[in-house]
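Asker: Predicted model and sequence follow; I will ask about them next.
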Amino acid sequence: MSNPYTTRPNVDPDGWYNTIQAIQLLGISRSTFWRKRQAGLIKGHVRKFDNRVWFRGREIIRLYDATY
């Protein structure tokens, strides 16, 4: 699978991104993202007040560098 993006995602390493934003920044499908998350290749954090998973920008960059 070739990545349509030629450069790393433009994210703030200390910023927080929700699942949809992370998927769009990486340019992968939801199922691929889910498989990579289940395999431990990207780590998310659940916010206590809304029970949603958020990802650090540095995690998105790390996954991109490890994959591409």
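Answerer: Good, I have the coordinates. In this text, all values refer to a predicted model and were calculated from it rather than measured experimentally.
Asker: Longest helix in this structure, by number of residues?
Answerer: If you go by DSSP state H, the chain has its longest helix at helix 57-67.
Asker: what about this structure, any weak spots by pLDDT?
Answerer: Residue ranges of the chain with pLDDT under 70: 1-6.
Asker: and if we set it to 90?
Answerer: 1-8, 66-68 (pLDDT under 90).
Asker: Is the residue lying farthest from the centre of the chain in a helix, a strand, or coil?
Answerer: Centroid-distance maximum for the chain: F49 at 21.1 Å, with Cα atoms, centre = their mean. Per DSSP: H, G, I helix; E, B strand; the rest coil, the local secondary structure of F49 is coil.
Asker: now it: how far from N18?
Answerer: Distance, F49 to N18, by Cβ to Cβ, to the nearest Å: 14 Å. Quick note: C-beta positions are derived from backbone N, CA and C, even for glycine.
Asker: just R37 next, same as before
Answerer: Distance of R37 to N18, given as Cβ to Cβ: 13 Å.
Asker: okay, those two: which has more neighbours?
Answerer: R37 (17 against 13; other Cβ atoms under 10 Å).
Asker: That one touches F55, doesn't it?
Answerer: No: with contact defined as Cβ atoms under 8 Å, R37 does not reach F55; the gap is 9.0 Å.
Asker: shared neighbours, these two?
Answerer: The overlap between the contact sets of R37 and F55 (Cβ atoms under 8 Å, 6 or more residues apart in numbering) consists of G44.
Asker: Many thanks, we can stop here.
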